[in-house]
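Asks: Kindly return the folded structure for what I paste below:
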Amino acid sequence: MRIHFVDTFTDRPFSGNPAAVVLLEDGFPPDERLQRLASQLNLSETAYARPLPPGAEADWALRWFTPAAEVRLCGHATLATAHVLRISGRLAGEVRFATLSGVLTATGETEGPLTLDFPTAPLTPVQDLAGASEALGGTRIRSAWRTGPDVGDLLLEVEDERAVRSVSPAPGRLAGLSDRGVIVTARAADASSAYDYVSRCFYPDVGVGEDPVTGSAHTALAPFWSPRLGSEQLVGYQASARGGIVHTTVRGERTLLGGDAVAVMDAELRVPL
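Replies: Model prediction:
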């Protein structure tokens with residue numbers, strides 16, 4: 001069985017967010033085995049996909065596992081899966097994935113960026129910020145928002161891009177602030193830069209200290225920044241050590257996420273899954 005390693009939301013290897021992709025021919029193995037392999041690989045996400053029969057609601061069933069848990073929604077591992085299908089000749093323009101968050105689609109040409117069609121995260125303001133500033137090392141918070149059940153993050157707007165880049169959260173204090181993790185964001189410092197807003201994402205509760213580039217978080221970041229910046233189409237930069245670019249378009253209840261992907265290597269699993 002092959003394991004494909006893909007760097008996503010980047011056009012250069014060894015940057016962006018790496019994901020592992022396993023294409024299955026039959027049904028999913030037991031959850032315990034899927035989780036053990038994801039823990040062994042120790043990437044922020046391992047994606048498992050299996051083909052669905054003709055007439056099904058989608059082309060492939062898709063699941064995502066962090067080193068510690070299965071998640072409801074993942075952007076970069078979906079992008080990685082679509083890219084693996086493309087380079088193996090199994091993506092012809094569009095592919096549909098059946099997931100815990102409904103049917104998601106990925107579209108693209110034979111090369112270049114791919115576009116994901118994801119549900120827009122509902123944003124609910126949070127008034128009680130007790131513990132949030134302390135969890136971020138004393139960073140001042142301008143506003144806070146819940147992002148709905150699929151994303152499950154706490155989105156925190158801070159003063160400026162410098163604050164996003166310098167934030168140093170205490171992992172123990174992030175626990176309990178949200179169902180999944182914390183998004184920290186601010187407007188780009190330079191209006192002439194190649195991106196409109198900046199973010200970082202932290203998920204210690206699911207075994208990911210800082211995620212390099214989080215596609216699913218942009219289903220909340222895009223509807224947050226679009227009305228504030230006056231455009232449905234924006235570019236987000238996730239300012240992790242590896243960094244990555246996500247192109248976002250808000251279309252009501254759906255948000256499009258665009259990005260490049262680079263296949264880096266394959267491996268062979270030598271034990272039964």
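
Asks: contacts, neighbours, all on C-alpha from now
Replies: Will do.

Asks: Now for the protein, the helix or strand with the poorest mean pLDDT.
Replies: Taking mean pLDDT, DSSP states H and E as the measure, the chain has helix 171-174 as its least confident helix or strand, at a mean of 82.

Asks: Give the other helices and strands that that one contacts.
Replies: Counting contacts by 3 or more CA pairs under 8 Å, 6 or more residues apart in numbering; DSSP states H and E, helix 171-174 packs against helix 132-135.

Asks: What mean pLDDT does the following helix or strand past the helix it packs on get?
Replies: Next helix or strand after helix 132-135 toward the C-terminus (DSSP states H and E): strand 141-146. Averaged across strand 141-146, the pLDDT comes to 95.

Asks: give the contact list for the nearest residue to residue 207 once chain neighbours are set aside.
Replies: Counting by CA to CA, 6 or more residues apart in numbering, residue 207 lies nearest to residue 68, which is 5.2 Å off, once chain neighbours are set aside. By CA atoms under 8 Å, 6 or more residues apart in numbering, the contact set of residue 68 is 35, 38, 39, 206, 207.

Asks: quick one, what contacts the first one?
Replies: Residue 35 makes contacts with 65, 66, 67, 68, 69, 70, as judged by CA under 8 Å, 6+ apart.

Asks: May I have the phi/psi pair for the fifth one?
Replies: In this entry, residue 69 is assigned phi and psi values of phi -160, psi 160 (degrees, to the nearest 10).

Asks: can you count the residues close to it?
Replies: By the measure other CA atoms under 10 Å, the count of residues near residue 69 is 18.

Asks: Same check on the last one?
Replies: For residue 70, the count of nearby residues is 18 (other CA under 10 Å).

Asks: gap between it and residue 124?
Replies: 24 Å (CA to CA, to the nearest Å).

Asks: Likewise for the third one?
Replies: Counting by CA to CA, the gap between residue 67 and residue 124 amounts to 29 Å.

Asks: The fifth one now?
Replies: As for residue 69, its distance to residue 124 is 25 Å (criterion: CA to CA).

Asks: Now the least confident helix or strand of the chain: buried residues?
Replies: Buried residues in helix 171-174, counting neighbours by 16 or more other CA atoms under 10 Å, are found at 173, 174.

Asks: Pull it out as PDB, backbone CA atoms only.
Replies: C-alpha atoms of helix 171-174 as PDB (Å, rounded to 0.1, in the frame of the first residue of the first chain):
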ATOM      1  CA  PRO A 171      -0.400  24.900  25.100                       C
ATOM      2  CA  GLY A 172      -1.900  24.000  28.500                       C
ATOM      3  CA  ARG A 173      -3.900  27.200  28.600                       C
ATOM      4  CA  LEU A 174      -5.500  26.700  25.200                       C
END
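
Asks: Would you mind listing the outside residues contacting that helix?
Replies: For helix 171-174, with CA under 8 Å, 6+ apart as the criterion, the contacting residues are 131, 132, 134, 135, 181, 182, 204, 209.

Asks: show me where pLDDT drops low in the protein?
Replies: Filtered on pLDDT under 70, the chain yields no residues whatsoever.

Asks: just the helices in it please.
Replies: Using DSSP state H, the helices of the chain run over 31-41, 76-87, 132-135, 148-151, 161-166, 171-174, 218-229.

Asks: What separation is there between residue 87 and residue 145?
Replies: For residue 87, the distance to residue 145 equals 38 Å [CA to CA].

Asks: And for residue 16?
Replies: Taken as CA to CA, the span from residue 16 to residue 145 is 26 Å.

Asks: Among the two, which residue is more densely surrounded?
Replies: The residue with more neighbours, out of residue 16 and residue 145, is residue 16; 29 against 20, by other CA under 10 Å.

Asks: in terms of contact, does the more buried one touch residue 6 like I think?
Replies: No - Residue 16 lies out of contact with residue 6 (CA atoms under 8 Å); the separation is 9.5 Å.

Asks: neighbours around residue 265, how many?
Replies: For residue 265, using other CA under 10 Å, the count is 11.

Asks: swap that for residue 1, sorry
Replies: 14.

Asks: So it is in contact with residue 266, correct?
Replies: No - Residue 1 is not in contact with residue 266 according to CA under 8 Å; the separation is 10.2 Å.
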